[in-house]
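Student: coordinates only, sequence not included:
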């Protein structure tokens, strides 16, 4: 029952915030903190499974499970949601109650995705997640909000429908073998499929997951959405990780033979994404686009590690998803304080805003994989797994890390150490804001120095990382 409350609480309080209006921000914080507490309590007390019949004749049930993988990502999602609520005060100028209700609706969709072990229920939450992002872009977005919202909607809707066809195909294939209609993942994973069927279904699932990752060729919506959607950290910290999660949770265990066959191609594809994203990030002058293409490059690493057929690398992927959310989300929050988003209008800000500069330096050092910071642990574990699978792929990943240092250091130099151009409009951080960003960096340092607790949690993952 506790897991059902994790879905009901943010949605209910979001609707209450929409009704009360004046207390919307407070209710959003209360809902996120309450849900965070319930998540930790459910995990610690082993209250981790909920089953209830829904449409029995069609084999549809409410099957929720909170294992190590979903627990780690749900905690990260709540942390990012709190940062989004805190960071919204400067940027959301209208429809405040609707914004916070919308954010809680997005959080509900993410939690549903991370808990669902019924594939139809998973698909429902997958589609519901689209609505809050679309509304955030259209209502609170910038000049390109309509283009960004349409690109996002087309990519996610089309790929989602392809995944639905794959889910239904698996559903009927299982019935043909067992005589049982079910969408239960623990039963569908036992379905015997020939290689052709595995490849077809894998392609159907991957269409949706590669869009959300996003992988090279499926990424077109992301840079535009970063420009248009307020607080891009919502996308990085909450939504994007669902693509990698879907591959880990469903694709790898359900289609093992097909995964082995397509692994070299997927690793090549991931490597191409690393180089492509890095080159584009280095050539941009808009801060938001630099971070968008950096995300595409980093997700290339994730894609390579996912198909390296290494459990060690899979654990590294999860750590990388968490630390990327923290470091990139922190950078987006810091840079959102600037009056300009293009590098030619920024420069020499270290003198007038040394706290912002120091914190940005720490977050960038984490993003480029400096040892003793969280991203390094994820990158190292991913690299070890990739190296065992392909030394060439490992070399491409190392090249991507070198390129990430180049475009991030260029970003740092242009903003903080270039010629003084526009320092007067930048507000330095106060004590409370410094503590918040210091907390993000402290968490990155803790993961970098002592990842054992997180790895212990990930070891308790159903069907994949035990």
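Tutor: Yep, that arrived. As the structure is a prediction and not an experimental result, all values here were calculated from the model. Numbering: from 1, shown residues only.

Student: so what's residue 388 up against?
Tutor: Counting by Cβ atoms under 8 Å, 6 or more residues apart in numbering, residue 388 touches 308, 310. No exception for glycine: its C-beta is placed from N, CA and C like everyone else's.

Student: where does it land in three-state SS?
Tutor: Secondary structure, DSSP: H, G, I helix; E, B strand; the rest coil: residue 388 is helix.

Student: pLDDT (mean, whole number) over stretch 154-168?
Tutor: For stretch 154-168, the mean per-residue pLDDT is 95.

Student: Run a quick check on residue 272 versus residue 216, I expect a contact.
Tutor: Yes - using Cβ atoms under 8 Å, residue 272 is in contact with residue 216, at 5.4 Å.

Student: which of the two has more neighbours?
Tutor: Residue environment comparison for residue 272 versus residue 216 gives the larger neighbour count to residue 216, 21 against 16, counting by other Cβ atoms under 10 Å.

Student: Please name the residues that touch the more buried one.
Tutor: Residues near residue 216 by Cβ under 8 Å, 6+ apart: 269, 272, 273, 276, 277, 296, 300.

Student: looking at this, the fourth one is in a strand?
Tutor: To tie it back to what came earlier, the one meant is residue 276. No - going by three-state DSSP, the assignment for residue 276 is helix, not a strand.

Student: Would you confirm that it contacts residue 283?
Tutor: No - using Cβ under 8 Å as the test, residue 276 is too far from residue 283 to be in contact (11.1 Å).

Student: Which one's more surrounded, those two?
Tutor: residue 276 (18 against 12).

Student: helix/strand/coil for the residue nearest to that one when sequence neighbours are not counted?
Tutor: In space, residue 276 comes closest to residue 216 once its chain neighbours are excluded; the distance is 5.5 Å by Cβ to Cβ, 6 or more residues apart in numbering. Assigned by three-state DSSP, the conformation of residue 216 is coil.

Student: mind checking pLDDT for residue 216?
Tutor: The predicted local distance difference test score for residue 216 is 90.

Student: Backbone dihedrals for it, both of them.
Tutor: Torsion angles at residue 216 (phi, psi; degrees, to the nearest 10) stand at phi -60, psi 130.

Student: Please determine how far it is located from residue 441.
Tutor: Relative to residue 441, residue 216 is positioned 31 Å away (criterion: Cβ to Cβ, to the nearest Å).

Student: now residue 187
Tutor: In this structure, residue 187 and residue 441 are separated by 44 Å, where distance is defined by Cβ to Cβ.

Student: Looking at those two, which one has more neighbours?
Tutor: Under the criterion of other Cβ under 10 Å, the comparison of residue 187 against residue 441 puts residue 441 first, with 20 against 15.

Student: Tell me which helix or strand comes right after the helix or strand of the chain with the lowest mean pLDDT.
Tutor: Ranked by mean pLDDT, DSSP states H and E, the helix or strand of the chain with the weakest confidence is helix 233-234, at a mean of 58. Along the chain past helix 233-234, the next helix or strand (assigned with DSSP states H and E) turns out to be helix 241-246.

Student: buried sites along that next one?
Tutor: Judged by neighbour count using 16 or more other Cβ atoms under 10 Å, the buried positions of helix 241-246 are 241, 242, 243, 244, 245, 246.

Student: chain center to that helix, what's the gap?
Tutor: The gap between the average C-alpha position of helix 241-246 and the chain average comes to 7 Å, counting by Cα atoms, centre = their mean, to the nearest Å.

Student: Surely residue 84 touches residue 102?
Tutor: No - the pair formed by residue 84 and residue 102 falls short of the contact definition of Cβ under 8 Å, at 10.6 Å.

Student: Give me the more crowded residue out of those two.
Tutor: Taking other Cβ under 10 Å, residue 84 and residue 102 do not tie; residue 84 has more neighbours (27 against 24).

Student: Secondary structure class of that one, three-state.
Tutor: For residue 84, the secondary structure call by three-state DSSP comes out as helix.

Student: where's it relative to residue 453, distance?
Tutor: If you measure residue 84 against residue 453 using Cβ to Cβ, the figure is 25 Å.

Student: Next up, the contacts around residue 122.
Tutor: Going by Cβ under 8 Å, 6+ apart, the list of residues near residue 122 reads 112, 113, 116, 185, 250.

Student: what about it, helix or strand, and which?
Tutor: Assigned by DSSP H and E, residue 122 falls within helix 119-128.
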